[in-house]
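# Sequence and predicted structure below; questions after.
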2 protein chains.
Amino acid sequence: MAISEKVKNALEGASWVRRMFEEGEELKQIHGEEHVFDFSLGNPDLEPPPSLKKALKKLADQPIPGMHRYMTNSGYSETRRTIAQFVAEESGLPFEEHHIVMTVGAAGGLNVTFKALLDEGDEVIVPSPYFMEFKFYIENSGGRIRLVDTHEDFSLNLKEIEKAIGKRTKAVLINSPNNPTGVIYNSGPLQELGELLKEKSHELKRTLYLITDEAYRRIVFDGTELPIAFRFYPHTLRITSHSKDLSLPGERIGYVAVSPLCEEVDELIAAIIFANRTLGFVNAPALMQRLVAPLQRNSINIKEYEEKRDLFYDSLSSYGYQVVKPRGAFYLFPKALIEDDVAFVKELQSKRILTVPGRGFGRPGYFRIAYAVNRKVIEKSLPGFKEVAEKYGMGGR
Amino acid sequence: MAISEKVKNALEGASWVRRMFEEGEELKQIHGEEHVFDFSLGNPDLEPPPSLKKALKKLADQPIPGMHRYMTNSGYSETRRTIAQFVAEESGLPFEEHHIVMTVGAAGGLNVTFKALLDEGDEVIVPSPYFMEFKFYIENSGGRIRLVDTHEDFSLNLKEIEKAIGKRTKAVLINSPNNPTGVIYNSGPLQELGELLKEKSHELKRTLYLITDEAYRRIVFDGTELPIAFRFYPHTLRITSHSKDLSLPGERIGYVAVSPLCEEVDELIAAIIFANRTLGFVNAPALMQRLVAPLQRNSINIKEYEEKRDLFYDSLSSYGYQVVKPRGAFYLFPKALIEDDVAFVKELQSKRILTVPGRGFGRPGYFRIAYAVNRKVIEKSLPGFKEVAEKYGMGGR
């Protein structure tokens, strides 16, 4: 045996996802890429905003001496100061430079946070459906993921969370706007969650943490304002990136913001910085740290995603699909029209439509559509969705 | 207790290094940064070569649509193809695109390699003195570091390695040119190491791996040619970065190259790609992947480092310091003039000279000088080194 047993098992467990991916690739080979409607991956098709392109051009034209060197593992002071100021204004809390650690995207941020917090066997509670990579991130640091169901409309189920909190619970991880559902958790349930965590921390005589993955925080629709989790619970860490709002997913730039109200905040930040160094990230990419700092209030044109959501949601609903209307991110998570979500995803494949079965997100019987693609791809795919609906006797509206 | 026990212990263990760092910062506060001679960090002061700056300017002026998007977790095909071709020419082995995985620097590359290979309790043998971060990288994946001594001149001690190989050994990790010694391992010992690993793999009935950290591979002096480890043992993985040869340490760009002769090579590469994804790196920074690909034969002016080595080595030797003459990297690892390397480093601090005690690299009684700094800093520091030598009765030459 060459490779790690653990990794071998994980690779085998993932092999049906891989098989579906390979079937998709085969479809592209047969029909040509432009005739396959690929909604399988959340890879934004929008270009970064002009402000970012301009900033890159300026740096390339007038390089700053030393701009590619190592800096402190937490990132440039100036970048962290700018972000701290932004988060302070947003939250009304006294964020300062040292509460921010620049990371290799949100995925890097989550990994360093779990490394900083978890010991062997510690549990992290995650409302499901959920982004399946969370499981690996938590297990990388010896932790265990504990999934809890959400309500039918994918909103937080406080009772389920309460039941799940036990001796080994270290944190609750929420992801809002949510991948795969596009749901945003409202202030009400967040307030209740904050109170629950306060009570339970008191009861357990140790601090429980709230970790919020806000990778899609700027992709919100219908004039919604994303509730600021920092306001509802002191021991809160925000992890986010500029992959989606500035359309830079390949560049791996994000940050962890630790609430200044967190217990032992300095020690926690020292642990996060240590993890950033020793997990091999070392620091977030230097050039990108400079570019994103002044763009905290910039973003790609969110309206484009909203229009795609409208088109897709309205069309699928009219064909008879049951879909919770997403208020953010760029995903739809409709109910499959038959019980077996894998079989249903294959049915869609026969119409050259690629999606991901719900069981990949802890919720069989559903499927995920990632619509960060060209509008024409959505338009051309709709007849296929309609035909499948008709096959299963959906009357439509 | 807020943070992970494991991390808390690691932070406490590292606290004397931190204390020395803080003392150095204090010195800078008191005397002004320009009057403190900081040789504590390997942060290259050279700017990237003009070819890199030109390529960046070109991409910024004429952005390629989609150039900031996600790509496959292993990196761009084109980048990997170019690197594979380079490694193939260098090694005479049939490297292809799929033998290369682009990583977040060499630190990222080492972490994904250990994750791919190690199970709980597996051992990795590392010749000492060694780069202290290796311990964390190995332990992150549940492995254990097993240090073995090198000879007096820091060359590989094959007998020590042989003695250390046991039931739990999974790999030998070598770092050449070496941090902290600047030593390059010669072909002879590498040949012997390859034979030893072949024998032991046969004896243990499973494959042992050779992992080579070649972060300093292009920084070699005196016309030395770095021996190509791939030639001496089939189950070899090279991990390297462009932090030093293209002076891009803050940008986090490197790669893992897996020998095409490796046992179960495809499975091993799949495991490395999986680790790259799930450890949260996701992919190496997109922009840098494009920039470094065509620059495999480019580098900063190595001669500058060689001249600094000459100045520093000749001067210290003439003052009576015992130093193995480095043939690469940008470090010197002289013997301390008293037994206690921490006390000796403090002695140098009294001359406003910052270095790192040898015990930070597994070798008390020595100290490390990182000379990737402006030549003037070296020149101005020399009287201090001389005074300390005189204090301890070194006659000099």
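In hand now; what should we look at? Numbers count the residues shown, from 1 in each chain, chains lettered A, B, ... in the order given.

# Now for A:Glu96, how many residues are close by?
Using other CB atoms under 10 Å in any protein chain shown, A:Glu96 has 13 neighbouring residues. (Each C-beta comes from the backbone N, C-alpha and C, glycine too.)

# Let's see the pLDDT reported for the nearest residue to it once chain neighbours are set aside.
Spatial nearest neighbour of A:Glu96, chain neighbours left out: A:Ala84 (5.3 Å); criterion: CB to CB, 6 or more residues apart in numbering or on different chains. Reported pLDDT at A:Ala84 in the predicted model: 98.

# helices and strands around the helix or strand hosting A:Ala84, which ones?
Assigned by DSSP states H and E, A:Ala84 belongs to helix A:77-91. With contacts defined as 3 or more CB pairs under 8 Å, 6 or more residues apart in numbering or on different chains; DSSP states H and E, the packing partners of helix A:77-91 are strand A:100-103, strand A:254-258, helix A:286-292.

# which residue ranges form the strands in the stretch 251-397 of chain A?
Remark: strands assigned in the stretch 251-397 of chain A by DSSP state E, counting those that start in this stretch are A:254-258, A:331-332, A:353-354, A:356-357, A:367-370.

# on that earlier part again, can the helices and strands packed on helix A:77-91 go into TSV with extra columns for mean neighbour count and distance to chain B?
TSV is the format used below for those (neighbours: other CB atoms under 10 Å in any protein chain shown; distance: least, CB to the nearest CB, whole Å):
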stretch	mean neighbour count	distance to chain B
strand A:100-103	28	8
strand A:254-258	27	10
helix A:286-292	25	3
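
# could these be laid out in CSV, adding mean pLDDT and distance to B:Gly188?
Shown next, in CSV, are the helices and strands packed on helix A:77-91 (pLDDT from 0 to 100; distance: least, CB to CB, whole Å):
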stretch, mean pLDDT, distance to B:Gly188
strand A:100-103, 98, 44
strand A:254-258, 98, 47
helix A:286-292, 98, 40
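
# can you tell me which of the ones you listed comes nearest to B:Lys376?
In terms of CB to CB, the element of the helices and strands packed on helix A:77-91 nearest to B:Lys376 is helix A:286-292, at 24.8 Å.

# Which residues outside the closest one are in contact with it?
Helix A:286-292 has contacts (CB atoms under 8 Å, 6 or more residues apart in numbering or on different chains) with A:52, A:55-56, A:59, A:64, A:67-69, A:71, A:75-76, A:79, A:102, A:242, A:246, A:248, A:251-253, A:283, B:250-251, B:285, B:287-288.

# Which of those residues fall in helices?
Counting by DSSP state H, those place A:Leu52, A:Ala55, A:Leu56, A:Leu59, A:Thr79, B:Leu287, B:Met288 in helices.

# got the contact list for A:Pro334?
A:Leu316, A:Tyr321, A:Gln322, A:Val323, A:Tyr366, A:Phe367, A:Ile369.

# how close does the fourth one get to A:Lys335?
Counting by CB to CB, to the nearest Å, the gap from A:Val323 to A:Lys335 is 7 Å.

# re the thing from before, return a selection command, for use in ChimeraX, containing the buried ones of the contacts of A:Pro334.
Filtering the contacts of A:Pro334 down to the buried ones (16 or more other CB atoms under 10 Å in any protein chain shown) takes a single ChimeraX command:
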select /A:316,321,323,366,367,369
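
# Could you dump the contacts of A:Pro334 into JSON lines and include distance to A:Asp266?
Shown next, in JSON lines, are those (distance: CB to CB, whole Å):
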{"residue": "A:Leu316", "distance to A:Asp266": "49"}
{"residue": "A:Tyr321", "distance to A:Asp266": "50"}
{"residue": "A:Gln322", "distance to A:Asp266": "48"}
{"residue": "A:Val323", "distance to A:Asp266": "45"}
{"residue": "A:Tyr366", "distance to A:Asp266": "43"}
{"residue": "A:Phe367", "distance to A:Asp266": "45"}
{"residue": "A:Ile369", "distance to A:Asp266": "44"}
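
# Out of the contacts of A:Pro334, the closest to B:Ile302 would be?
Nearest to B:Ile302 among the contacts of A:Pro334, with distances taken as CB to CB, is A:Ile369, at 52.5 Å.

# What's opposite that closest one in the beta bridge?
Counting by DSSP bridges, A:Ile369 forms beta bridges with A:Leu332.

# Go ahead and confirm it touches A:Asp38.
No. Judged on CB atoms under 8 Å, A:Ile369 makes no contact with A:Asp38 at a distance of 10.5 Å.

# ok, for A:Ala106, nearest residue in space, not its chain neighbours?
Counting by CB to CB, 6+ apart, the nearest residue to A:Ala106 once its immediate chain neighbours are dropped is A:Ser241, at 3.9 Å.

# count of residues packed around that neighbour?
30.

# Which residue is it, in the stretch 101-250 of chain A, that comes closest to chain B?
Closest contact between the stretch 101-250 of chain A and chain B, by CB to the nearest CB, is at A:Gly250 (3.1 Å).

# residue contacts, that residue?
Contacts of A:Gly250 by CB under 8 Å, 6+ apart are B:Met67, B:His68, B:Arg69, B:Tyr70, B:Met71, B:Asn283, B:Pro285, B:Ala286, B:Leu287.

# What separation do you get for A:Gln322 and B:Lys386?
From A:Gln322 to B:Lys386 the distance is 81 Å (CB to CB).

# still on that earlier bit, which one of the contacts of A:Gly250 is nearest to B:Phe21?
Using CB to CB, the contacts of A:Gly250 come closest to B:Phe21 at B:Pro285, 27.5 Å.

# Quick check: closest non-adjacent residue to the closest one.
Using CB to CB, 6+ apart and skipping the chain neighbours, the partner closest in space to B:Pro285 is A:Pro285 (4.7 Å).

# which helices and strands sit right next to the lowest-mean-pLDDT helix or strand in chain A?
Least confident helix or strand of chain A, by mean pLDDT, DSSP states H and E, is helix A:15-31 with a mean of 77. Helices and strands touching helix A:15-31, by 3+ CB pairs under 8 Å, 6+ apart, are helix A:341-349, strand A:356-357.

# how deep is A:Glu26 tucked in, by neighbour count?
A:Glu26: 12 surrounding residues under other CB under 10 Å.

# contacting residues around it?
Contact partners of A:Glu26, counting by CB under 8 Å, 6+ apart, are absent.

# To A:Pro189, which of the strands of the stretch 251-397 of chain A lies closest?
Closest among the strands of the stretch 251-397 of chain A, using CB to CB: strand A:331-332, at 20.0 Å.

# How about the helix or strand containing A:Val126 and chain B, touching?
With secondary structure defined by DSSP H and E, A:Val126 is part of strand A:123-128. No. Between strand A:123-128 and chain B, judged by CB under 8 Å from any CB of the partner chain, nothing touches; the nearest distance is 12.5 Å.

# can you list the residues that contact that strand?
Under CB under 8 Å, 6+ apart, the answer for strand A:123-128 is A:114, A:118, A:134, A:138, A:143-150, A:156-157, A:160-161, A:164-166, A:168-174, A:211, A:361-363.

# Perfect, that will be all.
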